[in-house]
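Chemist: Below are the sequence and a predicted model; questions follow.
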Amino acid sequence: MLRERMSFLGKARALAAGAVCAAVFLGGFAAAAQAVPAKFWGVVPQAEPSFEQLQRLHRGGVDSVRIPVGWDSVQPLRNGPIDWSGVDSRVENITLAGIEVLPFLSGAPTWAVAQVWVPGSHQSIKAPRNLPASGAAIAGWSGFVRAAAERYGPGGSFWAEHPTLPQRPIRNWQIWNEENFKYFVARPNPAEYGKLVRASSTAIKAIDGGAQIVLGGMFARPGDAVVKFKPPRAYFATDFLERMYKTTPGIKASFDGVALHPYTSEYRELTPEIEAFRRVLTRNHDSAKGLWITEMGWSSEPLDPLGDSFAKGPAGQVKQLKGAFSLLARGQVKWQLKRVYWFSVDDVTGVCNFCGGSGLFGPGFVPKKSWAAYVKFAGGRVN
């Protein structure tokens with residue numbers, strides 16, 4: 001969720017629709033929500049929620065919370081011990097609140113992969129130069145991933161150390177985040193990502209053969225993918241997925257689901273993005289794979305017709321949420337949707353163009369109107 005992404009999306013064309021059709025469509029959102037499977041509705045916090053805030057999310061019907069687990073954070077020193085204490089506290093609080101944890105494993109310490117300035121960021125942001133997909137880097141990554149499964153998977157050491165916790169071992173693991181976009185790996189590379197997925201799957205399934213491996217959420221249409229930079233700074237999600245299949249023989253056996261971040265200026269634009277992504281699966285004879293929407297959202301910040309098209313104002317944020325959730329609930333079977341995660345729980349300024357208003361809660365964890373709309377879909381209660 002960074003500035004360049006928002007700059008591109010701000011130029012996206014808004015689609016027109018009749019007011020009567022929209023009213024009919026949105027009016028049926030509560031009924032549509034009842035058709036989705038269990039654990040369908042999730043959220044992505046920007047800041048770490050307190051236990052009380054997590055309890056409120058659970059009462060509101062939130063089924064799952066997506067959190068980062070960074071290799072660079074837990075093992076900053078070469079051959080050093082892995083420090084799980086920060087992850088432990090998050091998993092403990094989320095579990096105690098009755099919510100499932102979806103971790104996305106990402107990042108690389110500097111001893112494994114060099115950090116470089118993100119191209120076009122004017123030396124303000126750094127990212128790993130490449131994915132940890134070869135040599136000592138992939139060996140280290142595999143050790144980190146295996147250790148995560150050993151700690152938080154079925155029969156893991158975390159659960160043994162917390163016997164009074166409800167036993168909710170992590171069975172779904174997402175590999176990296178927006179691997180097709182320069183802000184998360186400065187030189188995106190579909191072949192490298194295929195190697196990373198294969199190594200991750202081998203490491204995790206050696207510990208838990210029933211674990212589900214989900215690809216990292218791919219940003220649907222990053223602006224840098226339009227320009228043919230050398231080396232590439234970004235790929236459209238469809239192009240990246242297609243290239244991963246072609247450059248990694250047998251990759252289909254290494255993952256169980258795909259993930260998309262279909263950020264669009266209007267919810268009606270979700271349909272073509274999702275269907276294009278699913279067509280790649282079909283062309284590669286892999287259409288049985290489920291689709292996870294692990295980030296999507298709009299901002300409640302004031303309308304900005306000349307800039308950020310994600311800024312919809314409070315009422316506009318509600319409209320986009322209702323429209324998107326209705327659309328996704330109705331298309332759940334057709335698109336084989338497994339989960340939908342709203343970005344984000346809270347407003348955090350200075351991270352991206354729309355992060356300051358993307359939350360369901362504002363400053364002081366005061367609920368917005370969008371929280372009430374989310375709750376109606378999730379089948380919970382507002383307070």
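Modeler: Received it, and whenever you're ready, just let me know what you need.

Chemist: Tell me which stretches of the stretch 1-150 of the chain form strands.
Modeler: Assigned by DSSP state E, counting those that start in this stretch, the strands in the stretch 1-150 of the chain fall at 41-44, 64-70, 100-106, 115-117, 126-128.

Chemist: most tightly surrounded among these?
Modeler: Most buried of these by mean neighbour count (mean count of other Cβ atoms under 10 Å) is strand 41-44; its value is a mean of 24. Every C-beta, even on glycine, is put in place using the N, C-alpha and C of the backbone.

Chemist: could you dump the strands of the stretch 1-150 of the chain to CSV with mean pLDDT?
Modeler: Output for those, formatted as CSV (pLDDT from 0 to 100):
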stretch, mean pLDDT
strand 41-44, 98
strand 64-70, 98
strand 100-106, 98
strand 115-117, 97
strand 126-128, 97
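
Chemist: does Ser265 really touch Ser309, like I thought?
Modeler: Yes. Under the criterion of Cβ atoms under 8 Å, Ser265 makes contact with Ser309 at 3.9 Å.

Chemist: more neighbours, these two?
Modeler: Using other Cβ atoms under 10 Å as the criterion, Ser265 and Ser309 rank with Ser309 on top: 24 against 19.

Chemist: That one against Trp298, yeah?
Modeler: No. Taking contacts as Cβ under 8 Å, Ser309 lies outside contact range of Trp298: 9.1 Å.

Chemist: ok, Arg168 - contacts?
Modeler: Contact analysis of Arg168 by Cβ atoms under 8 Å, 6 or more residues apart in numbering lists Thr95, Glu100, Val101.

Chemist: CA atoms only: put the one helix or strand Tyr341 maps to into CSV for me.
Modeler: With elements taken from DSSP states H and E, the one containing Tyr341 is strand 337-343. Below are the C-alpha coordinates for strand 337-343, written out as CSV (Å, rounded to 0.1, in the frame of the first residue of the first chain):
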residue,chain,number,x,y,z
LEU,A,337,-13.3,-17.5,-3.4
LYS,A,338,-12.0,-18.8,0.0
ARG,A,339,-11.4,-15.6,2.0
VAL,A,340,-11.8,-11.8,1.7
TYR,A,341,-9.6,-9.5,3.8
TRP,A,342,-10.4,-5.8,4.2
PHE,A,343,-7.4,-3.4,4.3
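
Chemist: how much space is there between the residue lying closest to Gly216 once chain neighbours are set aside and Val62?
Modeler: Of all residues not flanking Gly216 in the chain, Trp176 sits nearest, at 3.7 Å (Cβ to Cβ, 6 or more residues apart in numbering). Separation of Trp176 from Val62 (Cβ to Cβ, to the nearest Å) stands at 24 Å.

Chemist: Have a look at these two and say which one is more surrounded.
Modeler: Val62 (27 against 24).

Chemist: these two touch, right, that one and Ala378?
Modeler: Yes. Assessed by Cβ under 8 Å, Val62 is found in contact with Ala378 at 6.4 Å.

Chemist: Need the overlap of contacts for these two.
Modeler: The overlap between the contact sets of Val62 and Ala378 (Cβ under 8 Å, 6+ apart) consists of Trp41.

Chemist: follow-up on the earlier one: wait, isn't the residue nearest to Gly216 in contact with Glu192?
Modeler: No. Using Cβ under 8 Å, Trp176 is not in contact with Glu192; the gap is 10.4 Å.

Chemist: Mutual contacts of these two, please.
Modeler: Shared contacts of Trp176 and Glu192 (Cβ under 8 Å, 6+ apart): Leu131.

Chemist: Partner strands of the strand holding Tyr341 and their direction?
Modeler: Strand pairing for strand 337-343, determined by DSSP bridges: strand 41-44 (parallel), strand 290-293 (parallel).

Chemist: so how far is it off the chain centroid?
Modeler: How far strand 337-343 lies from its chain's middle: 8 Å, per Cα atoms, centre = their mean, to the nearest Å.

Chemist: Tell me the first helix or strand C-terminal of that strand.
Modeler: Next in sequence after strand 337-343, counting helices and strands by DSSP H and E, comes strand 361-362.

Chemist: I'd like the average pLDDT over that next one.
Modeler: What strand 361-362 shows for mean pLDDT is 98.

Chemist: and what of stretch 252-265?
Modeler: pLDDT averaged over stretch 252-265 gives 98.

Chemist: wouldn't Pro188 be in contact with Glu179 here?
Modeler: Yes. Between Pro188 and Glu179 there is a contact at 6.3 Å, judged by Cβ under 8 Å.

Chemist: Find the residues that touch each one of the two.
Modeler: Phe240.

Chemist: and the most centrally placed residue in the chain, what does it touch?
Modeler: For the chain, Thr294 is the residue whose C-alpha lies nearest the centre (Cα atoms, centre = their mean; 3.3 Å). Thr294 is in contact with 42, 44, 66, 102, 104, 174, 214, 217, 259-261, 339, 341, counting by Cβ under 8 Å, 6+ apart.
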